[in-house]
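Undergrad: Fold the following, please.
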Amino acid sequence: MTAQLSYPGVYLEELPSGVRTITGVATSVAAFAGSAPRGPINKAVHLFSFADYERRFGGLALDSEMGYAVRQFFQNGGTEAYAVRIVKDATAAEKILLNASAANVLKATALDAGSSGNGIEVRVDYLTSNPGSTFNLTFARVSDGRTERYENLSMNSADARYALDQVNGVSQLVKLTRLVNQATLDGLAAGTSSSATLADVATLLDANHNEFRVSVNGLPPVKVVIALPADIGGGTPTQRLDAICAAIQAKVQAQANSQLAYQSFACARPAGTQTIQMKSGVGGEFSSVRVLPGQKNNASAVLGLGSEAGGTEIDAVAAIRPVPVPDPAMLKSDTFGATDLDALPDATHTSFRLSLDGNGPDVVNIGDTAAAGANLAAKLADVAARIQSAVRALKPSNPAYKYFTCSVDGGTKLVLATGTQGAGASIAVTAPPLNSIADQLHLLAGSTTVLPVNATLQGGNEMPYGAADVYPAFIADRAARTGIYALEEVDLFNILCLPGVTDTGVLMDAAAYCEERRAFFVIDAPPSVASPEDMVAAVSGTALPKSDHAAVYYPWVYIADPLKNGKLRLTPPSGTIAGLYARTDGDRGVWKAPAGTDATLVGVQAVNYPLTDRENGSLNPLGVNCLRTFPVYGAVSWGARTLRGADQMTSEYKYIPVRRLALFLEESLYRGTQWVVFEPNDEPLWAQIRLNLGAFMNSLFRQGAFQGKTAREAYLVKCDRETTTQDDINRGVVNILVAFAPLKPAEFVVIKIQQLAGQIQV
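TA: Next up is the predicted model:
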């Protein structure tokens, strides 16, 4: 930008050089379309190795030619590809999760439609930092061992850990849908925060522990400072607890600042307890109460307020979170009689042996003190608490023990449950040699064991496309970007392969699409072609598109099949040829014909029909590229003609390297001249165009891409008054002429042998 000269001094300006370097585009990005065991449908997936294909599409399958083609592509030198999975009438597997009221709250749907989604395991547990409100989700695909775990999730859409936000767009297995309507959300009960059971607040609070903060419904927190001793007056611990509850409610409401959630905030001691319970003044999806530590003189820890301090925080959405699935492995005791625990445990009945998830058996000792309680239910509760504490202490690092639970069912049975979920969970009780209480706790005779059944996604289905379905499957809906048109999302691809697809309609449309996208189509010979004569008939008729953007290769080839211990498999050659194109481009350049003794076909052990020179000679003039096997060299590509390469057509794009070089130039110049649009259309612009395009063409000339000894003989870049007239300028047009002298492959090498007549002097 020209400086505005306003003061005496030195001004600096940076002047543009006019150089806009044109970078050549990639020449061997392959695109594949076909069936696969799993993976997204009608979506182009970027691949950089066959391992990427295995992870995304499940690897090789006997009924999928695409998997073998992609594998051959990378084995033969390919480095970058896209793959599109195509199936017919696919539905996605799903699993609906229920809340404690058995209402549908969450649906997990497999990302990949079809049967591959069936069997994805779903696990829900409450082993979170806030077990009163949040949950963990685990998804596991057994077929490849992929497991995803999402922790501390909430059903509150405004929460930072909202389940749908954490899973959708991140998971490679599923997507979530919340199945709760707005009326249900609006009707949710207010969130609460309850303390742990407290002794006497007078002994817990002091001048250094009298402050905490409360946040209601996600609003900015308010500070609560307990005035001592005024706010804890009363003659008994219960009265003092009631007093502090009233004080907390008053102090929070006093800072309401027109927020209804604070104005109607409540704090009270629930009847029959020694706890503090705070309640939001507004219910609904966003209702919650959070107790935060005080900025100084923190009292939340001593009062057991907040989940980190041992309290319980139950948000409104806790009512719509999914219940844990699957159930853990459980052992239910036989029914206790009313007097069975009157004198137990005792000195000779203290222990039993327990095995969890195949660990153990470990001796569980619950002591020799008789069960405390006024009735059977209370005594069972005491014994259950002792069992749970003893088991958890055995192996605190093992989840099966760490999260082990023992509870009372109906006041008459004990229920022992592992701390883990899934089909691998198990539980077993046996009697130790001495001091066994297993029989007296009814954990042996009459007990029942319930093993978990995995919860899995189900209902996924698909139909592989048959002969009658090939055209609608591959040439589907362009507007919806299905079939090969899923490649509309891809910025650049150069080589298209439809392994094993020889339907004439598909080939015609795919060739036209390649012409539009400046790509090259590698076509497999029809599998029904059994002999060179059949191939002559096929290429001479209307079965194949007469396009210079396509080439056909004959015959099919045999490769070792890893799924059958190396047994030979007859497979279409397009993936192998695409890899050969990539290898040749990298080693020599796109202007080099991908054929000859250097064009070995890696992985190919034999061809379906061994051609002779004469048979090859009948196909080559018709534009059929033959695959041959030669001694020493093995399997090689022995042809480099497009489908307009028949001698009678006299096409200037007879040869594959000429067409692919032209496509490379077109795409590179198209992308490299976008800066020209809207520039002033005059000689300075034309000079810049000549400079930049000339530099690009000269760099290719120096690499040996063109014929000619000099640059003048090899290429031409013209943009001036002759190419762009005043009428063109008036219409906003700038015309650029780029010409090049392509290299043609030496198809026929003629060696002339002549005998010298000897030293005859005339």
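Undergrad: Which is the succeeding secondary structure element to the helix or strand Val105 falls within?
TA: Using DSSP states H and E, the element containing Val105 is strand 104-110. Downstream of strand 104-110, the first helix or strand assigned by DSSP H and E is strand 121-125.
Undergrad: re the thing from before, partners of the strand holding Val105, with directions?
TA: strand 94-98 (antiparallel), strand 174-178 (antiparallel) (DSSP bridges).
Undergrad: Pull the distance from stretch 591-611 to the chain's centre.
TA: The chain centre lies 36 Å from the centre of stretch 591-611; the measure is Cα atoms, centre = their mean, to the nearest Å.
Undergrad: Give me the residues contacting the strand or helix carrying Arg386.
TA: According to DSSP H and E, Arg386 maps onto helix 376-394. With contact meaning Cβ atoms under 8 Å, 6 or more residues apart in numbering, helix 376-394 is reached by 336, 338, 340-342, 345, 354, 356, 362, 364-367, 371-373, 401-408, 411-414, 416, 441. Backbone N, C-alpha and C define where each C-beta goes, glycine included.
Undergrad: In strands only, show me these.
TA: Among these, DSSP state E puts Leu354, Leu356, Asp362, Val364, Asn365, Thr405, Cys406, Ser407, Val408, Lys413, Leu414, Leu416 in strands.
Undergrad: Using neighbour counts, give me the buried entries of those.
TA: With neighbours counted by 16 or more other Cβ atoms under 10 Å, the ones in strands among the contacts of helix 376-394 contain buried members at Leu354, Leu356, Val364, Asn365, Thr405, Cys406, Ser407, Val408, Lys413, Leu414, Leu416.
Undergrad: Out of the residues you listed, which is nearest to Ala606?
TA: Nearest to Ala606 among those is Leu356, at 56.7 Å by Cβ to Cβ.
Undergrad: which residues sit in contact with that closest one?
TA: Ala329, Val391, Asn398, Ala400, Tyr401, Phe404, Thr418, Gly419, Thr420, Ser426, Ile427.
Undergrad: now swap in Leu153 and tell me
TA: Counted by Cβ under 8 Å, 6+ apart, Leu153 has contacts Thr134, Phe135, Asn136, Leu137, Arg161, Tyr162, Ala163, Gln166, Val167.
Undergrad: Would you mark the buried spots in the one helix or strand it maps to?
TA: Following DSSP H and E, one finds Leu153 within strand 146-153. Of all the residues in strand 146-153, those buried under the rule 16+ other Cβ under 10 Å are Glu148, Tyr150, Asn152, Leu153.
Undergrad: now the end-to-end length of stretch 336-353.
TA: 20 Å (Cα to Cα, to the nearest Å).
Undergrad: Of the contacts of Leu153, which belong to strands?
TA: Among these, the members found in strands (DSSP E) are Phe135, Asn136, Leu137.
Undergrad: and the closest residue to the first one other than its chain neighbours, how far is that from Trp675?
TA: Distances taken as Cβ to Cβ, 6 or more residues apart in numbering place Arg321 nearest to Phe135, at 5.1 Å, with adjacent residues excluded. The gap separating Arg321 from Trp675 is 55 Å, by Cβ to Cβ, to the nearest Å.
Undergrad: ok, the two, which is more surrounded?
TA: Using other Cβ atoms under 10 Å as the criterion, Arg321 and Trp675 rank with Arg321 on top: 23 against 12.
Undergrad: What residues does the more buried one make contact with?
TA: Asn99, Val105, Ser133, Thr134, Phe135, Ser154, Met155.
Undergrad: what about the last one, how many neighbours?
TA: What it means is Met155. The local packing of Met155 (other Cβ under 10 Å) involves 28 other residues.
Undergrad: can you pull out the strands in the stretch 201-350 of the chain?
TA: Assigned by DSSP state E, counting those that start in this stretch, the stretch 201-350 of the chain shows strands spanning 211-216, 222-225, 266-268, 277-279, 289-293, 312-314, 330-332.
Undergrad: Tabulate these (a markdown table), appending distance to Gln249, mean pLDDT and mean neighbour count.
TA: Compiled in a markdown table, these are given as follows (distance: least, Cβ to Cβ, whole Å; pLDDT from 0 to 100; neighbours: other Cβ atoms under 10 Å):
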| stretch | distance to Gln249 | mean pLDDT | mean neighbour count |
| --- | --- | --- | --- |
| strand 211-216 | 10 | 96 | 22 |
| strand 222-225 | 10 | 96 | 18 |
| strand 266-268 | 4 | 97 | 18 |
| strand 277-279 | 8 | 97 | 22 |
| strand 289-293 | 12 | 96 | 22 |
| strand 312-314 | 17 | 97 | 22 |
| strand 330-332 | 42 | 95 | 19 |
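Undergrad: Which one, of those, ends up nearest to Lys752?
TA: Here strand 330-332 is closest among these (Cβ to Cβ), at 92.0 Å.
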